[in-house]
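Engineer: need a 3D model of the sequence below.
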Amino acid sequence: MSVRYNAARRGLTLIELVVVLLILVGLAGVVIPAVTNMVGRTHTSSGAANISQIANALQRFEVQYMSYPDNFDSLVTDLGAGTALNTLDGDLALDTVALSADTFAALEEAGITTVGLHAINDGTFEVPTPTLLADTNTLLGLTPAQQVELGLETVGVAGKYICLGVGSSCTANGKTMMDAPVHFPESGEANPATTYGRFLAVFQITDGTDALERAKLAAVISPHGAGLGDHIAEYFEISQQD
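Structural biologist: So this is what the prediction gives:
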């Protein structure tokens, strides 16, 4: 009788299974939000830190070498047509900006004469092809609405700013920063292997009417268009949810 009873008790009873499932459900209710918040916090905190460090590195380069770094990523695959990378984040609002002789001269005066061209479906880690800029080229820049959202303008003006990726070929690497950082995505859909994940340097090239004599760094933003303030605000929003 004892042997048969022990053999029957080797499995869990229905009540025991229900208790185990309830415990697992309870743990999931605690663990899943904590993991989600951890990913969100890492996304926002690392984004804020990288934006601050890149801005500092570009400004220090400009002070040390009397010009900005060169060989930024262009974000376009064709400088003539201004065809954007397919792998740019969908939340990033950009317009094409056709250079003129004066805006090209403003970039040239700032030390920006060469950009890296990626293939249309390149992610973050492919090395771009260095290509000389010309006054007939088309780059990508902020939309007027994105300018206002970032706090750069109260009323946005098209064609005032261009965006360039701070990538692996940027000449600031090894000088004022060790290497170009990669944005930590908030979801697996923005995997840097398949989505362009470099931070973007925003340069002002006109005052809204006339070209500047020398282009100037206006901001550094994440690949999805968020600035330093956006990342900090998001971090504290996530903290309030705990």
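Engineer: can you list the strands that the longest strand along the chain pairs with?
Structural biologist: Ranked by number of residues, the top strand in the chain under DSSP state E is strand 211-221. Note on strand 211-221: by DSSP bridges, its sheet partners are strand 200-206 (antiparallel).
Engineer: next helix or strand past the helix or strand hosting Gln147?
Structural biologist: Taking DSSP states H and E as the criterion, Gln147 maps to helix 144-149. Sequence order places strand 161-165 as the next helix or strand after helix 144-149, per DSSP H and E.
Engineer: run the angle between that following strand and strand 200-206 for me.
Structural biologist: If you take axes from the mean of the first three to the mean of the last three CA atoms, to 10 degrees, strand 161-165 sits at 150 degrees to strand 200-206.
Engineer: tell me the buried residues in the longest strand of the chain?
Structural biologist: Buried residues in strand 211-221, counted by 16 or more other CB atoms under 10 Å: 211-212, 214-215, 217-221. The way it works is simple: take the backbone N, C-alpha and C, and place the C-beta from them, glycine included.
Engineer: go on, stretch 192-199?
Structural biologist: Applying 16+ other CB under 10 Å to stretch 192-199 flags 192, 195-199 as buried.
Engineer: end-to-end on that stretch?
Structural biologist: 12 Å (CA to CA, to the nearest Å).
Engineer: pLDDT averaged over it - what is it?
Structural biologist: For stretch 192-199, the mean per-residue pLDDT is 95.
Engineer: hmm, back to that, how about the buried residues of strand 211-221 in JSON lines, adding pLDDT and distance to Glu62?
Structural biologist: Supplementary listing: the buried residues of strand 211-221 in JSON lines, determined by pLDDT from 0 to 100; distance: CB to CB, whole Å:
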{"residue": "Ala211", "pLDDT": "97", "distance to Glu62": "19"}
{"residue": "Leu212", "pLDDT": "98", "distance to Glu62": "14"}
{"residue": "Arg214", "pLDDT": "98", "distance to Glu62": "10"}
{"residue": "Ala215", "pLDDT": "98", "distance to Glu62": "11"}
{"residue": "Leu217", "pLDDT": "98", "distance to Glu62": "7"}
{"residue": "Ala218", "pLDDT": "97", "distance to Glu62": "13"}
{"residue": "Ala219", "pLDDT": "97", "distance to Glu62": "14"}
{"residue": "Val220", "pLDDT": "97", "distance to Glu62": "13"}
{"residue": "Ile221", "pLDDT": "97", "distance to Glu62": "18"}
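Engineer: brilliant, that's me finished.
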